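Undergrad: Sequence and predicted structure are below.
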Amino acid sequence: MNLLLKRCTEGVRTNLLPGLILQAIACVVVGVYYLRPEARGAYEWIAEVKVEYGYWYSMLSTGVFGGLIPFLYLASVGKVERSDFWVVGAFFLGVWSWKGIEIDFLYRMQAVMFGDDTQTLTVVKKVLFDQFVFCPIWSAPATALLYRWKDCGFSWRRFTKELDRDFFLLEVLGVLVAIWVVWIPGTAFIYSMPSPLQLPLFQLVLCFFVLLVSVIGRKRVEAIG
């Protein structure tokens, strides 16, 4: 129990500052959309691209923002071994390309379930379903499993040996707490935007989140060293 509490506390501490920064960014993006009509041209162009290309847009753009850009940063600061460059790069790009399709499907499904308006009650319903149904049942466990497989050097034998009770109790719950710190308020901003702009805002927050966590994590390692 103490170890679980420690893991959750570490997740909150690691993600608190990035979460606050990203929530401020999301707040600005949403605020500009609603308070500065003259700036809506750029938003409408992004929305048109999203609608025109559908899941292809979701796959390619999320792969770039969530996978490729953070991976290139990690590689540039020496967090990726040269021998693993291509396989880890393919992992990041592949995982987040699929995640783009997955999240787009989630947003479309919720628009059918709860409506595609941006009224407060609709936003609350979507946030609750996203964070307390989708994340615990699928997103957090799947993400934890994928990244543990990567950390095992993509060795299936080593990976299966590490799938014990502690992994699911500590690792998955740790990932879930980290998700909640950033994405409960983050999804509130996302669902406050019109449906075609929800995924682009998600991608922006995702990219900066991964980069900020990487920067903070690197500085902590350097401080310890």
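TA: Good, I have the coordinates.

Undergrad: if I read this right, Leu199 contacts Glu102, doesn't it?
TA: No. Distance between Leu199 and Glu102: 10.9 Å, which falls outside the contact criterion (Cβ atoms under 8 Å). C-betas here are computed from N, CA, C, even on glycine.

Undergrad: Neighbour count: these two, which is higher?
TA: Leu199 (24 against 18; other Cβ atoms under 10 Å).

Undergrad: Just list the residues touching that one, thanks.
TA: Counting by Cβ atoms under 8 Å, 6 or more residues apart in numbering, Leu199 touches Lys50, Tyr57, Ser58, Ser61, Thr62, Gly100, Ile103, Asp104, Tyr107.

Undergrad: Where do the helices of the protein begin and end?
TA: 2-35, 40-62, 69-76, 85-114, 120-129, 140-151, 156-161, 165-166, 172-190, 195-224 (DSSP state H).

Undergrad: Quickly compare those and say which is most buried.
TA: helix 172-190 (a mean of 21; mean count of other Cβ atoms under 10 Å).

Undergrad: Which other helices and strands does it contact?
TA: helix 2-35, helix 120-129, helix 140-151, helix 195-224 (3 or more Cβ pairs under 8 Å, 6 or more residues apart in numbering; DSSP states H and E).

Undergrad: any chance of the helices of the chain in JSON lines, plus mean pLDDT?
TA: Formatted as JSON lines, these follow (pLDDT from 0 to 100):
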{"stretch": "helix 2-35", "mean pLDDT": "71"}
{"stretch": "helix 40-62", "mean pLDDT": "89"}
{"stretch": "helix 69-76", "mean pLDDT": "84"}
{"stretch": "helix 85-114", "mean pLDDT": "92"}
{"stretch": "helix 120-129", "mean pLDDT": "94"}
{"stretch": "helix 140-151", "mean pLDDT": "82"}
{"stretch": "helix 156-161", "mean pLDDT": "83"}
{"stretch": "helix 165-166", "mean pLDDT": "68"}
{"stretch": "helix 172-190", "mean pLDDT": "79"}
{"stretch": "helix 195-224", "mean pLDDT": "66"}
